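**Q** Any chance you can model this:
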Amino acid sequence: MKPAKTFFVCQECGAQAPKWMGRCADCGAWNSLAEERAQEAPSAAGATSPARYALGGGAGARLYADIQMADSPRLATGIEEFDRVLGGGVVPGSLVLLGGEPGIGKSTLLLQVAASFARIVGPVLYSSGEESEHQVKSRGERLGVGDAPIYLLAETCLERILEEAARLKPALLVVDSIQTVFSLKLQSAPGSIGQIREAATQLLFTAKGHNLPTFLVGHVTKEGSLAGPKSLEHIVDTVLYFEGEQHHIHRIIRAVKNRFGEVSELGVFEMTGSGLRPVPNPSQLFLAERPAASPGSAVVCCIEGSRPILVEVQALVSGSLYGNARRMAIGIDQNRLSLLVAVLEKRAGLSLVGEDVFVNVAGGMSIDEPAADLAVAAAVASSVRNRPVRPKTAVFGEIGLAGEVRAVTQAARRVREAAQMGFTRCILPRGNIDPRDLPANDSCELVGVATVGNALDALFA
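**A** From the prediction side, this is the model:
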């Protein structure tokens, strides 16, 4: 019998090599090549029909005009914040990947979602490859799962999971986690690129072929990206990141890919002894402990997906002891902070050459939109001048290298959220002062600024 052909696959980028090498020739990663065996092609007698792999109802091509739209409403999970991130609920036949740091609460969240979904829609099959049934039930007792119709399966074999799904015909399938699942077709270890790709592909065929929504739990690397091949994120319909700090009680779910909803949608939860509790008003949570009339503090109106959120930006400017001024940022891009400091020095006349500048987004929130530029500049200027920003003032706007304040999107929603949270003054780009897009608001004064110098004058006048 001819021995199976072996090759080596890089666990970082998926490149293949005929022999083992200490360093991958494609991505340059060290000691990342693992041995795998080539899969034998099926014989003509036992070949699988092409319709077996079809994602739709038939294997043949159909004319676009002849395809009838299937009206399949979304399925509510009963957890409003989770439904918001998914775009309004679970789409039948969708494949969702949830990733996050170890211990962040991924299994806890999905068990709560499974229990709520089972009570509303139908039975759920929860397959755990990392815990036994008793361990999962022990967590479920703490979360108050009760008598929800959830079937627990402690299994890592892909074929066995698919057999149970075909036998039970659940309304939802949860696989925790994709890195522990292996297929009998491959001889490589669970968690390897080949096994992850095969398991994700077979689960995709099951989800689409049987209209079965499926949730996958994914591990992350030490750099914070999802472990496994990049094709894993391309295969699934939705990619969710579960974020949060161990020393903060709140957790954030962020959608970075969603074929059925808005990207960058955000859901906020609070970690309690009885599980994760949705936070309906994140602005109130992030501003709850903001000190009053304190220098170095500014409030920004940011947009996460379709939701406006008010977040506090804090800055501390102090003299450098070693001659080399430091620029440190938590919650925003550090390169962006260096750019804004340079603009404040050149265009606003602030002396920051020999000063250490530290910026932090309070509450563990991360902001990546340019509308936070004006809030960062306001916080830094407030700290260096040791003067607090005028009370009940919120800001937003993008700052260019020439010192101009550029218009941002969805200004009306930002102003409306600030007014609802009790802010009476809003500093925004002059380009956003348009009566057609931004109607007058009697409860919140709108101050349009064209340059960063004008903005600082309005903030401290």
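
**Q** My read is that residue 444 contacts residue 426, right?
**A** Yes: under the criterion of Cβ atoms under 8 Å, residue 444 makes contact with residue 426 at 5.4 Å. In this view, the C-beta of every residue, glycine as well, is placed from N, C-alpha and C.

**Q** So for the two, which residues contact both of them?
**A** 415, 418-419 (Cβ atoms under 8 Å, 6 or more residues apart in numbering).

**Q** State the distance from the nearest residue to residue 117 once chain neighbours are set aside to residue 110.
**A** Closest residue in space to residue 117, ignoring its immediate chain neighbours: residue 77 at 4.8 Å, by Cβ to Cβ, 6 or more residues apart in numbering. Here residue 77 is placed at a distance of 10 Å from residue 110 (Cβ to Cβ, to the nearest Å).

**Q** Equivalent analysis for residue 135, please.
**A** Residue 135 sits 14 Å away from residue 110, going by Cβ to Cβ.

**Q** Neighbour count for those two, which is higher?
**A** When residue 135 and residue 110 are compared on other Cβ atoms under 10 Å, the one with more neighbours turns out to be residue 110, at 25 against 14.

**Q** got the buried residues for the longest helix along the chain?
**A** In the chain, ranked by residue count with DSSP state H as the criterion, the top helix is helix 193-209. Of all the residues in helix 193-209, those buried under the rule 16 or more other Cβ atoms under 10 Å are 193-200, 202-204, 206-209.

**Q** Report the residue spans of the chain with pLDDT below the cut-off.
**A** Screening the chain residue by residue with the criterion pLDDT under 70, one finds the ranges 1-4, 38-59, 70-71, 246, 435-442.

**Q** which residues does the most centrally placed residue in it contact?
**A** Note on the chain: the residue nearest the mean C-alpha position is residue 254, at 2.7 Å, using Cα atoms, centre = their mean. Residues in contact with residue 254 (Cβ under 8 Å, 6+ apart) are 85, 240-241, 243, 264-266, 304.

**Q** Let's see that with 7 Å instead.
**A** Taking Cβ atoms under 7 Å, 6 or more residues apart in numbering as the definition of contact, the neighbours of residue 254 are 241, 243, 264, 266.

**Q** Quickly list what it is bridged to.
**A** Counting by DSSP bridges, residue 254 is bridged to residue 241, residue 266.

**Q** From residue 302, how far off is it?
**A** Per Cβ to Cβ, residue 254 is found 13 Å from residue 302.

**Q** Equivalent analysis for residue 105, please.
**A** Computed with Cβ to Cβ, the distance linking residue 105 and residue 302 is 24 Å.

**Q** out of those two, which sits in the busier spot?
**A** Ranked by neighbour count (other Cβ under 10 Å), residue 105 and residue 302 place residue 302 first, with 24 against 19.

**Q** which stretch of helix or strand covers the more buried one?
**A** Using DSSP states H and E, residue 302 sits within strand 297-304.

**Q** likewise residue 351?
**A** With elements taken from DSSP H and E, nothing contains residue 351; it lies in neither a helix nor a strand.

**Q** tally of neighbours for it?
**A** Going by other Cβ under 10 Å, the residues that sit close to residue 351 add up to 9.

**Q** and what of residue 428?
**A** 27.

**Q** Tell me where the stretch 201-350 of the chain has strands.
**A** Counting by DSSP state E, counting those that start in this stretch, one finds strands in the stretch 201-350 of the chain at the ranges 214-218, 238-243, 250-258, 266-272, 275-278, 297-304, 307-319, 327-330.

**Q** The longest one pairs with which strands, and in what direction?
**A** So the one you mean is strand 307-319. Sheet neighbours of strand 307-319, with direction, are listed as strand 297-304 (antiparallel), strand 355-361 (antiparallel) (DSSP bridges).

**Q** Which SSE is immediately downstream of the shortest one?
**A** In the C-terminal direction, the helix or strand that comes right after strand 355-361 (DSSP H and E) is helix 373-385.

**Q** And residue 248, how far from residue 167?
**A** With Cβ to Cβ as the criterion, residue 248 and residue 167 are 42 Å apart.

**Q** Pipe the shared contacts of residue 444 and residue 426 into TSV and attach secondary structure and neighbour count per row.
**A** Converted to TSV, the shared contacts of residue 444 and residue 426 look like this (DSSP: H, G, I helix; E, B strand; the rest coil; neighbours: other Cβ atoms under 10 Å):
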residue	secondary structure	neighbour count
415	helix	24
418	helix	29
419	helix	17
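
**Q** tilt between the longest helix of the chain and strand 214-218?
**A** 160 degrees (axes from the mean of the first three to the mean of the last three Cα atoms, to 10 degrees).

**Q** Helix or strand for the residue nearest to residue 17 when sequence neighbours are not counted, just tell me which one.
**A** Excluding the flanking residues, the one nearest residue 17 by Cβ to Cβ, 6+ apart is residue 8, at 4.8 Å. Using DSSP H and E, the secondary-structure element containing residue 8 is strand 6-10.

**Q** Give the other helices and strands that that strand contacts.
**A** Strand 6-10 makes packing contacts with strand 16-17, strand 33-37 when contacts are defined by 3 or more Cβ pairs under 7 Å, 6 or more residues apart in numbering; DSSP states H and E.

**Q** tilt between the last one and helix 193-209?
**A** Which is strand 33-37. Angular relation of strand 33-37 and helix 193-209 on a 0 to 180 degree scale: 60 degrees, by the same axes, to 10 degrees.

**Q** got the contact list for strand 33-37?
**A** So strand 33-37 is in contact with 4, 6-11, 17, 20-21, 24, 187-188, 192, 194, going by Cβ under 7 Å, 6+ apart.

**Q** try 6 Å this time
**A** 4, 6, 8-11, 20-21, 187-188, 192, 194 (Cβ atoms under 6 Å, 6 or more residues apart in numbering).

**Q** quick one, phi/psi of residue 137?
**A** phi -70, psi -30 (degrees, to the nearest 10).

**Q** Now do the SS call for residue 139.
**A** helix (DSSP: H, G, I helix; E, B strand; the rest coil).

**Q** what about it, how many neighbours?
**A** Per other Cβ under 10 Å, the neighbour tally for residue 139 reads 15.

**Q** Please report how far it lies from residue 176.
**A** Residue 139 is 11 Å from residue 176, by Cβ to Cβ.

**Q** now do residue 280
**A** In this structure, residue 280 and residue 176 are 27 Å apart, going by Cβ to Cβ.

**Q** Between the two, point out the one with more neighbours.
**A** A direct count of neighbours by other Cβ under 10 Å for residue 280 and residue 176 places residue 176 higher, at 24 against 10.

**Q** Now do the contacts for that one.
**A** Residue 176 makes contact with 107, 128, 217 under the criterion Cβ under 6 Å, 6+ apart.

**Q** let's go with 8 Å and repeat that
**A** Taking Cβ under 8 Å, 6+ apart as the definition of contact, the neighbours of residue 176 are 106-107, 110, 126-131, 217.

**Q** Strands of the stretch 1-150 of the chain, residue ranges please.
**A** Listed in chain order (using DSSP E, counting those that start in this stretch), the strands of the stretch 1-150 of the chain are 6-10, 16-17, 33-37, 95-100, 124-128, 150-154.

**Q** For residue 362, which of the ones you listed is the nearest?
**A** Comparison of the strands of the stretch 1-150 of the chain against residue 362 by Cβ to Cβ identifies strand 95-100 as nearest, at 21.6 Å.
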